[in-house]
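K.L.:
show me how the following folds:
(chains A, B, C, D, E and F)
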Number of protein chains: 6
Amino acid sequence: MRSSQRLADALRSVRITRNYTRHAEGSVLIEFGDTKVICTASVDETVPGFLKGKGQGWVTAEYGMLPRSTHSRMRREAASGKQSGRTQEIQRLIGRSLRAVVDLAKLGERQIQIDCDVIQADGGTRTASITGAYIALADAINGLLAAGKLSENPLRQHVAAISVGIVDGVPLLDLDYEEDSGCETDMNVVMTGDGHFVEVQGTAEGVPFSRAEMDALLQLAEKGIAELVALQREALATAAV
Amino acid sequence: MRSSQRLADALRSVRITRNYTRHAEGSVLIEFGDTKVICTASVDETVPGFLKGKGQGWVTAEYGMLPRSTHSRMRREAASGKQSGRTQEIQRLIGRSLRAVVDLAKLGERQIQIDCDVIQADGGTRTASITGAYIALADAINGLLAAGKLSENPLRQHVAAISVGIVDGVPLLDLDYEEDSGCETDMNVVMTGDGHFVEVQGTAEGVPFSRAEMDALLQLAEKGIAELVALQREALATAAV
Amino acid sequence: MRSSQRLADALRSVRITRNYTRHAEGSVLIEFGDTKVICTASVDETVPGFLKGKGQGWVTAEYGMLPRSTHSRMRREAASGKQSGRTQEIQRLIGRSLRAVVDLAKLGERQIQIDCDVIQADGGTRTASITGAYIALADAINGLLAAGKLSENPLRQHVAAISVGIVDGVPLLDLDYEEDSGCETDMNVVMTGDGHFVEVQGTAEGVPFSRAEMDALLQLAEKGIAELVALQREALATAAV
Amino acid sequence: MRSSQRLADALRSVRITRNYTRHAEGSVLIEFGDTKVICTASVDETVPGFLKGKGQGWVTAEYGMLPRSTHSRMRREAASGKQSGRTQEIQRLIGRSLRAVVDLAKLGERQIQIDCDVIQADGGTRTASITGAYIALADAINGLLAAGKLSENPLRQHVAAISVGIVDGVPLLDLDYEEDSGCETDMNVVMTGDGHFVEVQGTAEGVPFSRAEMDALLQLAEKGIAELVALQREALATAAV
Amino acid sequence: MRSSQRLADALRSVRITRNYTRHAEGSVLIEFGDTKVICTASVDETVPGFLKGKGQGWVTAEYGMLPRSTHSRMRREAASGKQSGRTQEIQRLIGRSLRAVVDLAKLGERQIQIDCDVIQADGGTRTASITGAYIALADAINGLLAAGKLSENPLRQHVAAISVGIVDGVPLLDLDYEEDSGCETDMNVVMTGDGHFVEVQGTAEGVPFSRAEMDALLQLAEKGIAELVALQREALATAAV
Amino acid sequence: MRSSQRLADALRSVRITRNYTRHAEGSVLIEFGDTKVICTASVDETVPGFLKGKGQGWVTAEYGMLPRSTHSRMRREAASGKQSGRTQEIQRLIGRSLRAVVDLAKLGERQIQIDCDVIQADGGTRTASITGAYIALADAINGLLAAGKLSENPLRQHVAAISVGIVDGVPLLDLDYEEDSGCETDMNVVMTGDGHFVEVQGTAEGVPFSRAEMDALLQLAEKGIAELVALQREALATAAV
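P.N.:
Below you'll find the model as predicted:
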C-alpha cells in the first residue's frame, strides 16, 4: 500500500472541470490528486509562417508553472527571461501528443494554441496537461463545428498520458511528487483511445532498467490510460455549461 | 444603472478564498466579479543583497497573467523573453503598496515574495491583486508568529485598492473591462485600513480631468476601499482551514 | 527656507534651449536647476503596425539616463540588455502625457518619436522630460506645418509636469534629489495649459498621506505648472534659430 | 535492402578517432556513416553551486551543430541568442545518459563537461554524440587515474545509443536522415554495456504504434547497441596516441 | 578645398570643455566640428573579478549614441536589448587606447570607467571619444592625486586619435560624415603624445589601397594627432572650474 | 629561432582541404599549424532586406569557436545567449575582407553566407578564417558558374590574411598562441592577390610602436600573404573531389 493509500496500479482521483474560465474556446481544470492544471485552447484563424498556403492547420502548446505551485518557490520564467529546458521539453511533448490525433488538413488553415498552466504541482504535471488539453481541444473543435467553421471533425482519436515508475523495486502507476522524487525509473506514456502509443519516454533516474521492468511499466500505463480515456469520454458526454 | 446592474458607487461581488493552494505560506484566490487572481506569499529566510546585514526584511511582488486570461490570447511573457512595461509597473505598484503597511525592521532579515497570477481578467486585476495579496501576506505573517519566528506583528495596517473612473461623464467605482475600455479617466487608488493614501494613479485616457472630477473619484475610492477592508477583516476573522 | 534657498512653493531656475542639436526635427535642452535633459522629436512618416490604415498618427517616447548623470554611476541599460522597470514606467508616462494633448487624427499617418536623455540628474527628470518634450514636439509639428505636410495644428493644449512632495511635514514644489530622497510623499503631476489633469501619480514613500495633504500638494502643483506653461509659451514665442 | 545498401538490422559504418583535437582531456571524432560529431570532455576542478560541499562530482553536456552541418543552413544559435528546444532536449539527454554510468561520489568534487558538436549531419546526431561522448569521458577519466587524481574508476558501465524506427512498415536500425524524415515512428534508445536501459524515447511521427512494433524496435536497438559497445571497447583497447 | 572649407590636412575646429557635468570625477564635452561627445570618468574603488588581488587597476570604456544624434533616428540600444557590433568594437577600442598609456600597477586596485556618449554625430565619433576621454581620465586621476589616494601619476603619456581617409583619390584628415560616407579608404589612428602608435585600423571601403597611400595617410594622422595633443595640453593647463 | 623552430619570417605549415564536409556549396578545412578552422560557404538565393531590389548580392560571415578548441574551455556562446565583442569584431572583419574582392553587382540578387568555425585554436584564427573562407567562397561561386546561374565571375582578386607582431623586440610572421600571448604589438593584415591592402589592424598590447616597427611588420605581412595566395592558387588548381 502506497503512502497515498493507493494500490500500485491505481490512479489518483481524477477530476475534469470544463469551462473553467470564460474567455478561451476550450478551458479545463484537470486534477490528478493534488496536481491541478488549467488547460485552455485558443483558436487563431491564421497559421504560423511555415504553413501559410499549405491547406492545413496546426496545434501547438505552451506550458508554465505558477512560481509557488511547487514546494519551494521557483523563479518566474517571465522574470528570468527564458523558459527552462524542462519547460520546453514538456511543451514540445504536449504539442506532439495532440497533433498525433488531429487531422491537420481537416482543421483548415487555422491554429489551435494550447496553454497548460500548473496551479498546484504534486507530480505528473505533464501527463495531467496532455490529458486535460485533449478536452480543451475537443471543446474548441466542437465550437468550430457548431459554428459551421468546420464541416468534419479533425479529431481522430482520444489521447491521454500517465506516468509510471519503479519505486523500491515495485512498478507503480501515476506517481505523486514524493514517489517521483525517489523512483529508480520514471516513464511517461502517451497513448490514443484505441490503445496505440504516441510517446514513450523512459528514464533511469538511478539504476538502469531491464526489459522485463519495461514491460511491466508499459502494462501499467496501458491500464491507467484506458481509465483516463473513459473519464475523458464521460466528461465530454455531459453538455458544456 | 451600469450594464452589470450595479449602481455607480457599487463594488462588484468580491470573494476571498484563503488557503487556495497547498504549498505557499499564504495562498488566496480573490475575485472581483469575473476577475480572478491567485495571490501567494512565500517566505524566504534570506534578504536580497542590498539589504544583507541591515537588520530588516523585504516584501516584493511579481505579477503575471495566464495567456488566455484575457478576451484574446496574450503572448506568454516567459516565451517572449521579457515582462512588458505594464507588467513591471503593476508588480512594482503591488510591492510598494504592501511595503507601506509593513514594519520591515520587525519583519527581521527575511523576505516575503508575493506572486499575483491572473487566472481570468475582467478589469481591475491590479487592484484585486493588492487586496488579495494583503490577505496572503497576513496569513504568511501569522504563520511566522505562530511558529515563534516573529515575536511582534510587523503589519501596521490593512491595505486595499480599487479602481475608479469616469465613463460617459459619470464617476464609477470598480470598473469592469468594458467600462475600463471606454472610460475617459481611470484612477487606481491604494489606501490603508485607517483611510490614508498609499498610491493614487490617475490617468486621462481621453479628455483631461478637472479638480472637481478628481475629488469625486477620490470620494468613490474611499467608499470602496472601506468596504474592501471590511471584507478583508471578515475573511481573516475565520480560522484558516 | 529650503537648502537651495527656495521658498516651499518656488520652482528651480528653468531654462529651455531650442534647437540644441542639429539633426532632429525638434531638439530641446531643458534644465530644472541642475537637472538637464535633452529632448528630441523625430518625425517618422510611417506608423506602428497596430495603426496601419487607421487614418491617425502616433506619439511615443523613450527615456534614458547617461550612466554618470547620477551621483554614483548607474549601469548602462544597453549593456545590461534591458531597460529597468523605472525607465519603462517613465517613458510610458511621457508618451501618454504628450498624446493627451495631440489630436492624433489631425497628425495624419505619421509618428513622432520623442527621446528624453538625461545628461545630469538632480531630481525631477521625468517632469523636466515632459515639459521639454512638449517644446520639441511643438517644434517638429511647426516644421510639418511650415512644410505644408500638415494643414491644421494637431496640438490642442500645452502640457507640462512638476513634482511635489512632503518633506518633514511641509509640502514642497519641484523637489531636488536631496529633497526627493528624504520625502514622505512624492507626487508627479501632469497638467494641460488650461489647468486640467493628465496624470497624477502620488506615492507614500514613508507615511501614508491624508486627503488634506493631497489637496495641498495638488494646489502647489497647479501653481508650478502654470508657471512652466508660461515659460513654454515664452520659449516658443521667439523665432527658432 | 535500404537505399544505403544496408540490411534492416545493420548499423552504418562506425568510426571512432580518439585524441582528435589537442587541448581537451578527452577528444573524439565519431562517425555514424556521414554523421560526424566531435565529442570533447573537459575536466573542471570545481562543481556547480548546487553540489558545493556534497562530496560528489558532476557530468554535464552541451550540444551544437555547425550552421552548415545540415542540408540547408541553420541559423547559428549563438547569433539568434538562444538554444532551441531541440538542442536543450538533446544536451539534457546526453548528460543524463552519461551520469547513469558514473559513480558521482567516486568522481570527487569535480565536473566533467562534455561538448558534442556536429560537423556533418545525416541523422542520428544525438545517438552518435552519446556513443562518442562516452569515449571522451573515459579518456578524461583515464587521465585523472593516471595522474593520481582518482584512485578508483568511477565508470560503472559502458553506455551507447542508437536510433530505430519504422519506415514503410519495416523496423530499421540506425536511421539516416532520409529514413528519419520519412519514418512513422522514431525511437532513440540508450543502453549500458550490460544490456540495461538508460533512456527510451519513442515518438509516433505519423501513425501511433502498437506494442508489437515497440517490441520489434527494442530488439533491434539491443542488437545495435551491443555492436556499438564492442566498437567502443575496441577503440579504448588501443593506446591513446 | 573641402566642402567644409578646410584644407586636406586641416582638423575641424576642436573644443574641449572640462567639468561639463557635475557628478563624474572627470567630465568633458569634446567637439570635433559638429561631432559632440560627452566623456566621463567614474572612479570605482573595486576591480573586476579577474583582477581581484592582483595589485593592479583597470580602465574600461562604454560608448553610446543618443538615438537622434544621427541624421535619421537610430534604434535605442537599451530598447533593442543589445549593443551592436559597431558599438562593441568602438568601446573596446577606447578601452585599449586608454590602457596603453596608464600604468595599471600604479593605479592601484581600483577601476576607472569611461563613458563616451555621442550627443551629435558628424563623423569621427570614436576619435573624438578617445581624445576627450583622455582628458576626463586625467581629471579623475588628478582628483585621486589631490585626495592623496594616489602617490604617483599612473599616466605615462597623452593619447589622442584621428581619422584619415582617401576621398576621390585625395588623402584627407579628420573626415566629417559626408566625407566618411564617400571615402574609398578609412583609417583610424590612435597615437601617444610622443608619437608612437597605439592602434591603426585601416579599411578599404571600396578599392583596396596601396602601401604608398597608407604612408600618406599615416603622415596626415601624425600631423593631426600632434595638434590634438597640443590642444589637450592647453585644456589641462587651465585650472579646473 | 622560434620555439616552433621557425624563422622569424616563416609561415607555419599551411594545409587547405577542399570539400571537407558534404552539404555546403563550399567547404574547406584550413590549418595554420595547430590552428584548424572549418570554412563553409552557403548560397542563399535571397538577399537581406536592405538590399531587396537593388540588383546586387551580398557576402556576410559568422565566426565561432568550439568551446574546447582552446586551452581552457570557453563558455559556449549559444548557451550564454550572446556573441562576445571579440566574435562580432572578427566576423565583421571576415565579411568586409571578402566583400572587398567581390563585385556584388555581378553576384546578382543572392547572398553567400560564410561560416568559420574553429575546431582547434593556436593563434591566428581570424587570419586562417579569411584565407580559408576565400577558397570556400571561390568553390561556391564556381558552382554557380558551372550551373549557369552566373555568367561572369564576380571575384576580382584573391584575398588572404596573416598576423604579424613584435615579440621581445623582434618582428615575427604568423604568431602562434604562445607568441601572441606575449607580444608587444599585434597586427592583422588582409591583402589582395595583387598586393593591395584591405584591412590593417595594429594594436599595441604593451609598448606603443614606432613608425619603423610598423614598416617592418607590414613588410613581413606582404611576404606572408604572397605565400598564402600562392597556396590558395595551388589548392584551387586541383579539381574539386
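
K.L.:
so which residues of chain A form helices?
P.N.:
A:77-80, A:85-99, A:104-107, A:125-146, A:177-182, A:211-237 (DSSP state H).

K.L.:
buried deepest among those helices, which one?
P.N.:
helix A:125-146 (a mean of 25; mean count of other CB atoms under 10 Å in any protein chain shown). For the C-beta atoms, the positions are set from N, CA and C on the backbone; glycine is no exception.

K.L.:
what sits against the closest residue to residue A:58 other than its chain neighbours?
P.N.:
Closest residue in space to residue A:58, ignoring its immediate chain neighbours: residue A:111 at 4.5 Å, by CB to CB, 6 or more residues apart in numbering or on different chains. Applying CB atoms under 8 Å, 6 or more residues apart in numbering or on different chains to residue A:111 gives the contacts A:43, A:44, A:46, A:47, A:48, A:57, A:58, A:59, A:60.

K.L.:
swap in 10 Å and give it another go.
P.N.:
Contacts for residue A:111 (CB atoms under 10 Å, 6 or more residues apart in numbering or on different chains) come out as A:42-48, A:51, A:57-60, A:104.

K.L.:
pLDDT below threshold where in chain A?
P.N.:
Within chain A, the stretches with pLDDT under 70 are A:239-241.

K.L.:
any idea how far the most centrally placed residue in it is from residue A:193?
P.N.:
Compute the mean C-alpha point of chain A, and by CA atoms, centre = their mean the closest residue is residue A:130, 1.1 Å away. Applying CB to CB, to the nearest Å, the value for residue A:130 to residue A:193 is 13 Å.

K.L.:
who touches both of the two?
P.N.:
Between them, residue A:130 and residue A:193 share the contacting residues A:159, A:160, A:228, judged by CB under 10 Å, 6+ apart.

K.L.:
skip the chain neighbours and tell me the closest residue to the closest residue to chain E within chain A.
P.N.:
Closest residue of chain A to chain E, CB to the nearest CB: residue A:81 (9.7 Å). Using CB to CB, 6+ apart and skipping residues adjacent in sequence, the residue nearest residue A:81 is residue B:81, 5.2 Å away.

K.L.:
contacting residues around the one you found?
P.N.:
Residue B:81 neighbours (CB under 10 Å, 6+ apart): A:77, A:78, A:80, A:81, A:82, A:83, C:82, D:81, D:82, E:81, F:81.

K.L.:
show me which residues of chain A sit near chain E.
P.N.:
Residues of chain A found near chain E (CB under 10 Å from any CB of the partner chain) are residue A:81.

K.L.:
roughly how far apart are the residue lying farthest from the centre of chain A and residue A:109?
P.N.:
Here chain A reaches farthest from its C-alpha mean at residue A:53, the gap being 29.7 Å by CA atoms, centre = their mean. Taking CB to CB as the measure, residue A:53 and residue A:109 are separated by 8 Å.

K.L.:
and for the two, which residues touch both?
P.N.:
Going by CB under 10 Å, 6+ apart, residues that sit against residue A:53 and also against residue A:109 are residue A:47.

K.L.:
hmm, back to that, spatially nearest residue to the residue nearest to the centre of chain A, not counting backbone neighbours?
P.N.:
Nearest to residue A:130 is residue A:161, by CB to CB, 6+ apart, at 4.0 Å.

K.L.:
what bridges to the one you found?
P.N.:
For residue A:161, the beta-bridge partners are residue A:190 (DSSP bridges).

K.L.:
tell me which residues touch it, please.
P.N.:
The contact partners of residue A:161, taken as CB under 10 Å, 6+ apart, are A:93-94, A:97, A:124, A:126-134, A:188-191, A:198-199, A:201, A:221, A:224-225, A:228.

K.L.:
ok, residue A:123 next?
P.N.:
A:12, A:32-35, A:163, A:165, A:174-181, A:183, A:186.

K.L.:
same question for residue A:235.
P.N.:
Going by CB under 10 Å, 6+ apart, residue A:235 touches A:14, A:15, A:16, A:17, A:18, A:28, A:30, A:132, A:134, A:135, A:138, A:139.

K.L.:
out of everything not next to it in sequence, what's closest to the residue of chain A found nearest chain F?
P.N.:
The minimum distance from chain A to chain F, using CB to the nearest CB, falls at residue A:82 (7.9 Å). Of all residues not flanking residue A:82 in the chain, residue B:81 sits nearest, at 5.9 Å (CB to CB, 6+ apart).

K.L.:
on that earlier part again, test my guess that the residue farthest from the centre of chain A contacts residue A:47.
P.N.:
Yes: using CB atoms under 10 Å, residue A:53 is in contact with residue A:47, at 8.9 Å.

K.L.:
between these two, what contacts are shared?
P.N.:
In contact with both residue A:53 and residue A:47: residue A:109, using CB under 10 Å, 6+ apart.

K.L.:
run a quick neighbour tally on residue A:70.
P.N.:
Residues near residue A:70, counting by other CB atoms under 10 Å in any protein chain shown, number 17.

K.L.:
swap in the one 5 residues further on?
P.N.:
The burial count assigned to residue A:75 is 10, neighbours taken as other CB under 10 Å.

K.L.:
how many neighbouring residues does the residue lying closest to residue A:109 once chain neighbours are set aside have?
P.N.:
Nearest residue to residue A:109 in three dimensions, chain neighbours excluded: residue A:47, at 5.2 Å (CB to CB, 6+ apart). Taking other CB under 10 Å as the criterion, the count of residues near residue A:47 is 20.

K.L.:
separation between residue A:228 and chain C?
P.N.:
For residue A:228, the distance to chain C (CB to the nearest CB, to the nearest Å) stands at 43 Å.

K.L.:
do the same with residue A:35
P.N.:
For residue A:35, the distance to chain C - CB to the nearest CB - is 33 Å.
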